[in-house]
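Novice: Sequence isn't available, so here's the structure alone:
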């Protein structure tokens, strides 16, 4: 049973987040440092995310498979950049079956290496390509500072790993999957992500080019919400994925990888939530509708519950994810707070007067109070009315998040103005950028802001870099990020 | 592309199994000892198993969640029996983030302990019970002798963990979930499993009582295919899952656990396969139907492919999992062998004469040759005809496996006869049993046969134990087992 008392978002964003995650029973801390327990309500949201992504992966020709959790340490060392990037974060199994192992095994932080090895066994000719495989799995990266869903030592994700005969095909795949992520984020999670390329400093260890979808959270910070990497022939060479091409010449496979994790649950919480708690997008919400029957006298109870049960059954039969809250031991006010905290998009209230009129009341989670209510919704047309309302809420959430992002995306003319912006309102700063990697490092050190991406969507032609004064076509988005 | 040359089943059952698994591209060995790669074809079968089980779990009121991969060593030590059982099989993480850990972490071999700990945090009163949670996860048990799907160091499974206010409720849950497994095995996997209770020697480490579904493989050996455990208050006490009951007294929760793993993929392969390879039950098969277009002259090609494409689209739209094999580079004979190896239940052949007649040919995987063919199936009624044929094949597979099990279930009057049976035909031996644990040990040592279960389905009244000569109501099934 949920307790009340979420720290207001406006007061302390960070505590609000932790409160909401725990009180809405999305996740809990575990006795293992840095690892979390994903509770049923949070896991159901993840299952809905999985279903929405998996459908898109299969529609784009991918199949799922499963590779070992353990990777021999020597495998990881074969691709130098990736090893360097991940070495500080590894969990290492040194003992198995009561004996010390001859070679330590790493718990996978990501699977390019072991999958690369397997692909080298399976590929002989261009006819064996492309390989379009995805894996749903747990991975482990030893993190010092963790936060539920956003950064945990163990997390759940999917990792796509594809191998292609040509560079062009691999680059197209990398961009296609970024597009799949963006489509998912926008149309399922109602999060208007920005698509773009990562800077050299921020790209994936071992990648030639990394692409990202960046989301704006309610405090103006950025959250990297999914990434897609063009790996060139780096892993093809390191793992000897050789094949005979159409000209009958030996070549190395071009590979990609792309991943989206339980971090997305954190993105949804932080992009949409308010002082009352979660606001979940209808397309992903574990319960799309909660029905709260209301009565004062015992004489009213049976009739109210009968109608509530009937409405629940009708909606369920139509495929709406509906929850009937017929608890006796808590008050109506408690139920309202509880389901608001849990972010159920649509509440249906049914009282004695509604029974008389054979109608119900709709109350929107995204617009609290009278303004978000619709009275006298006829039971006869309840399925269509509920589905329409869920569509309306989904669209309104995306619109609100988009407006918020736009209102909090700024430009600056100078580094002074840049620094003032991050001392003040924050958000995304969208500027022309001709700085070096070292310039980027300096900005990060001085302002904690990083280049989130070079967005695909940018004006034609050159502008002046706010930092170097040079003219450039390149546009960057800077932000503080989780 | 699959190669030919599966070792005949009759010649060497064990090599046949390994050949089939690899050549049908179900799984592959990995460079990590004892760990396997589940390839897309095998993983899709597992996804179908997952969907069929998950639906049943949700229908019986369960929800999914996720608990950490790592368990502190001290947690495992708290329930003495489970620790003793699993200690020799543990994989241990001793280093994380470049440092030696203060307390080693075990990679979960099963999750009663960490889940028990979390339940103790969540439960205060009988109102918080029951907790009905399932987890889909990977687990690790260090195995010396491994076999693809049947026994691997890492495997995928689901583990249900429930907590209840009363013993009766927990016992009912244990039996309910065994029933869910049996229903799944019989009606989805077409495997006529025997339900029963495990002997003391074979029960789960930490359980009060273990129940099992036992399947008969094609060589007469048994495969334990799913287990459900009544844990009493063992874990409730060890992890302090205390609650205030309805009488306002403190009590410990009664818990259960139940699991079914990727072993089931091995069960399906071994229960149904033949010399030609796999025979997959239609309800779980990745491809239920494969369409093979056949032509000799180029002039025929377009018309044949057009009809094949049309039939494929029609079946797909009706929800049939259909694969169109329009490869140009391999022969029709190769395709037939290839899909027979992979066990696709129904092949649809379409040639020039079929195009003229607007009809197709059905060829059953479970009955090879002319006997399994239906000629002139009209395209107009193809959906119904295919669905009916799949239903027929599913039923025939269950019937055949049931007949095989019955033909290979024997009784004996003496221990000599018992030994002769296992030197000869093998199979299940179904006998009255009044022996001790030590008698069971001796039989295992001398014959390699173990008590698979005390079956629920047994005659009323007493009989004579073949081993001790004592009269008893108890019936046991003995078999050699994987």
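Specialist: Noted; the coordinates are in hand. Fair warning: this is a prediction, and the values are worked out from it, not measured in the lab.

Novice: which helices and strands does the helix or strand bottoming out on mean pLDDT in chain A pack with?
Specialist: Lowest mean confidence among the helices and strands of chain A (mean pLDDT, DSSP states H and E): helix A:80-86, at a mean of 90. Here helix A:80-86 touches helix A:73-76, going by 3 or more CB pairs under 8 Å, 6 or more residues apart in numbering or on different chains; DSSP states H and E. Just so you know, the C-beta spots here come from the backbone N, C-alpha and C atoms, and that holds for glycine as well.

Novice: Averaged pLDDT, the helix it packs on. What do you get?
Specialist: On average, the pLDDT along helix A:73-76 is 94.

Novice: now what about that helix, what contacts it?
Specialist: Helix A:73-76 is contacted from outside by A:82-83, A:86-87, A:90, A:92, A:103-106, A:113-114, A:117, B:31, using CB atoms under 8 Å, 6 or more residues apart in numbering or on different chains.

Novice: And the pLDDT at the residue of the stretch 301-450 of chain A found nearest chain B?
Specialist: Across the stretch 301-450 of chain A, no residue is closer to chain B than residue A:329, which sits at 7.2 Å (CB to the nearest CB). Listed pLDDT for residue A:329 reads 89.

Novice: re the thing from before, check what contacts the least confident helix or strand of chain A and list those residues.
Specialist: The contact list for helix A:80-86 (CB under 8 Å, 6+ apart) reads A:76-77, A:109-110, A:112-113, A:141, A:204-206, A:234.

Novice: Quick one: buried ones out of those residues?
Specialist: Buried by 16 or more other CB atoms under 10 Å in any protein chain shown: A:76, A:109-110, A:112-113, A:141, A:204-206, A:234, out of the contacts of helix A:80-86.

Novice: And those, which two are furthest apart?
Specialist: A:141 and A:234 (20.1 Å; CB to CB).

Novice: related to what we said a few turns ago, of the contacts of helix A:73-76, which pair is most distant in space?
Specialist: So, the contacts of helix A:73-76 by CB to CB: farthest apart are A:87 and B:31, at 19.7 Å.

Novice: Quick check: phi and psi on the residue located most distally from the centre of chain A?
Specialist: What lies farthest from the middle of chain A is residue A:299; by CA atoms, centre = their mean that is 47.4 Å. The phi/psi pair for residue A:299 (degrees, to the nearest 10) reads phi -60, psi -30.

Novice: Setting aside sequence neighbours, what's the nearest residue to the residue of the stretch 101-250 of chain A found nearest chain B?
Specialist: Per CB to the nearest CB, residue A:142 is where the stretch 101-250 of chain A lies closest to chain B, at 3.4 Å. Distances taken as CB to CB, 6 or more residues apart in numbering or on different chains place residue B:97 nearest to residue A:142, at 3.4 Å, with adjacent residues excluded.

Novice: distance of the one you found from residue A:146?
Specialist: According to CB to CB, to the nearest Å, residue B:97 stands 12 Å off from residue A:146.

Novice: go on, residue A:319?
Specialist: Residue A:319 sits 37 Å away from residue A:146 when distances are taken as CB to CB.

Novice: do residue A:287 as well
Specialist: Applying CB to CB, the value for residue A:287 to residue A:146 is 28 Å.

Novice: Repeat that for residue A:298.
Specialist: 50 Å.

Novice: more crowded one of those two?
Specialist: residue A:146 (18 against 7; other CB atoms under 10 Å in any protein chain shown).

Novice: For the residue nearest to the more buried one when sequence neighbours are not counted, grab the count of nearby residues.
Specialist: Nearest residue to residue A:146, sequence neighbours excluded (CB to CB, 6+ apart): residue A:34, at 4.5 Å. When neighbours are defined as other CB under 10 Å, residue A:34 has 23 of them.

Novice: can you check residue A:300 too?
Specialist: Neighbours of residue A:300 (other CB under 10 Å): 16.

Novice: For it, give me the pLDDT.
Specialist: If you check residue A:300, the pLDDT there is 94.

Novice: Do I have it right that it meets residue A:350?
Specialist: No - using CB atoms under 8 Å as the test, residue A:300 is too far from residue A:350 to be in contact (10.6 Å).

Novice: List the buried residues for the least confident helix or strand of chain A?
Specialist: Neighbour-count burial for helix A:80-86 [16+ other CB under 10 Å]: A:82-83, A:85-86.

Novice: thinking again about what came up before, okay, now the residue of the stretch 301-450 of chain A closest to chain B: neighbour count?
Specialist: Neighbours of residue A:329 under the rule other CB under 10 Å: 7.

Novice: That one against residue B:127, yeah?
Specialist: Yes - the criterion here is CB under 8 Å, and residue A:329 meets it with residue B:127 at 7.2 Å.

Novice: Helix, strand, or coil at residue A:315?
Specialist: Following DSSP: H, G, I helix; E, B strand; the rest coil, residue A:315 is assigned to helix.

Novice: Surely residue A:316 is in contact with residue A:310?
Specialist: No - the pair residue A:316 / residue A:310 is not scored as a contact, 10.8 Å apart, by CB under 8 Å.

Novice: for the record, mean pLDDT for stretch A:452-468?
Specialist: Model confidence over stretch A:452-468, given as mean pLDDT, is 96.

Novice: Not counting its own residues, what contacts it?
Specialist: For stretch A:452-468, the external contacting residues (CB under 8 Å, 6+ apart) are A:194-199, A:202, A:211-212, A:214, A:222, A:224, A:412-415, A:417-418, A:428, A:430-435, A:439, A:443, A:470-479, A:481.

Novice: which among these end up buried?
Specialist: Restricting the contacts of stretch A:452-468 to buried positions leaves A:194-199, A:202, A:211-212, A:214, A:222, A:224, A:412, A:415, A:418, A:428, A:430-435, A:443, A:474-479, A:481, with burial counted as 16+ other CB under 10 Å.

Novice: Around chain B, pick out the residues from the stretch 301-450 of chain A.
Specialist: Residues of the stretch 301-450 of chain A lying close to chain B by CB under 8 Å from any CB of the partner chain are residue A:329.

Novice: and residue A:331, what does it touch?
Specialist: By CB under 8 Å, 6+ apart, the contact set of residue A:331 is empty.

Novice: Could you do residue A:277 as well?
Specialist: If you count contacts by CB under 8 Å, 6+ apart, then residue A:277 has A:6, A:20, A:23-24, A:340-343 around it.

Novice: Out of these, flag the one nearest to residue A:249.
Specialist: Nearest to residue A:249 among these, with distances taken as CB to CB, is residue A:343, at 56.4 Å.

Novice: For the closest one, the count of nearby residues, please.
Specialist: As a burial measure, residue A:343 scores 27 neighbours (other CB under 10 Å).
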